[in-house]
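give me coordinates for this.
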Amino acid sequence: MTKQRHITPILTHTISLCLLALFFVACQKELKMDGIDEPDHNIVINFRPVVQFDNQPMYFDTVTYKNEFNESFKVSAFKFYIHGIELMNTDSNKIYRAGDQDYYLIDFADSNSTTIKLNVLPYKYNRIAFTMGVDSVLNVSGAQDGVLDPAQGMFWEWNTGYIMAKLEGTSPASTAPANTFKYHIGGFRQSESVIKKIILLFPMNNDIDMKSKGKTDLTISADVYDWFSNPHDIRISANAGVMMPGALAQQIADNYSKMFTVVEVTNN
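Model prediction:
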C-alpha cells in the first residue's frame, strides 16, 4: 500500500503535464490559424479638415463659412489629441491595438502632423477606433515631452490639465474683442471629462482585407461644422469663448465627437 500511495501522485503529475502540453499545442494552432504572426501590414491614416461636406476643404483665415445658425466665421486654428488607435472587426470581435501608448497631436496648420503611419496585424477589419483627448493620469503627471509638451500650446496647468481640442477663429457674430472666438476644450475628471472614444465604420460598412506586407491608406475627415450643433446648439453670438472645463465644454465635445468620417480607403 505504501508503494501505491507513492506512485499515484507521480502518475497524476505526469498526466497533468501531458494534458497541459496538448493544450499548449492546440492553442498554438489556433493562434496560427487566426493569422497572428507579426504586424507587417502598413497603414497610413490621413486626417483632412472639411466644413459641412466631406468634399469641401477647410482653409485657414481666407475663406468664410457659415454654421447652422447662419453665423459667418473664419478658422485660424484647429487641432486635437488622439491616442489608442485600434483596428476592429465587430463580426469576430477581434481588436488590434496599434501604438497603444502613442499620442498624436493633429494640427491642421502643420501638414506633417496630419499623417500617421503604423504597422498592424494582417486581418479583415471593418472599423477603426481611437480615443480623442489625453488620459487623466497624464493630466496630473507634470510636464511631458514630444507632442504632449506644454510648448505645443495645448496645456493649461497641473490642476486643469490638457486642452483636448482647440478651435479658434473670427466671426461677426462674436462679441469678443476683434470678433474672435476660442473654443479650448478640456476636462479629465469624471464629472467634467471630455475624453471621447471614437469608432468609425469603413465606407459602405465593408471589411478591408489587410494582407501581410500590404498597405492601406485611410482618409478621415474632421468637420468643423459639427462643433456648433448636434446634439447641442452652440452659437458664436452666445458663446464666443470656452476656456475651462465644465458643462459647456462637455456639450461642445459631444458635438465634435461626431465630426469624423472615413471618406476613403485604398487597400493594396
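
helices along the stretch 101-250 of the chain, start to end?
With helices called from DSSP state H, counting those that start in this stretch, the stretch 101-250 of the chain shows them at 136-139, 247-256.

and Asn46, which of these is closest to it?
Checking the helices of the stretch 101-250 of the chain against Asn46 by Cβ to Cβ gives helix 247-256 as the closest, at 18.8 Å. The C-beta positions use only the backbone N, C-alpha and C, and glycine is treated the same way.

give me the contact list for the closest one.
Residues from elsewhere that reach helix 247-256 (Cβ atoms under 8 Å, 6 or more residues apart in numbering): 80, 164-165, 167, 183, 185-187, 192-194, 196, 226-232, 234, 239, 242.

what about that helix, distance to the chain center?
A distance of 17 Å separates the centroid of the chain from that of helix 247-256, by Cα atoms, centre = their mean, to the nearest Å.

give the buried residues for it.
By neighbour count on 16 or more other Cβ atoms under 10 Å, the buried set for helix 247-256 is Leu248, Ala249, Gln250, Gln251, Ile252, Ala253, Asn255, Tyr256.

please apply the same query to stretch 57-65.
Buried, per 16+ other Cβ under 10 Å, within stretch 57-65: Met58, Tyr65.

just the mean pLDDT for that stretch, thanks.
Across stretch 57-65, pLDDT averages out at 97.

could you dump the buried residues of helix 247-256 to a markdown table with distance to Ser92 and pLDDT?
Below are the buried residues of helix 247-256 laid out as a markdown table (distance: Cβ to Cβ, whole Å; pLDDT from 0 to 100):
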| residue | distance to Ser92 | pLDDT |
| --- | --- | --- |
| Leu248 | 41 | 98 |
| Ala249 | 37 | 98 |
| Gln250 | 34 | 98 |
| Gln251 | 36 | 98 |
| Ile252 | 36 | 98 |
| Ala253 | 31 | 98 |
| Asn255 | 33 | 98 |
| Tyr256 | 31 | 98 |
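
give me the below-cutoff pLDDT ranges for the protein.
Where the chain drops to pLDDT under 70, the residues are 1-36, 100.

remind me, longest strand of it?
The longest strand of the chain (DSSP state E) is strand 72-89.

give me the angle between that strand and helix 247-256.
Orientation note: strand 72-89 sits at an angle of 60 degrees relative to helix 247-256 (axes from the mean of the first three to the mean of the last three Cα atoms, to 10 degrees).

contacting residues around the following helix or strand past strand 72-89?
Moving toward the C-terminus from strand 72-89, the next helix or strand (DSSP states H and E) is strand 94-97. Residues from elsewhere that reach strand 94-97 (Cβ under 8 Å, 6+ apart): Asp34, Pro39, Gly84, Ile85, Glu86, Leu87, Met88, Asn89, Val120, Leu121, Tyr123, Tyr125.
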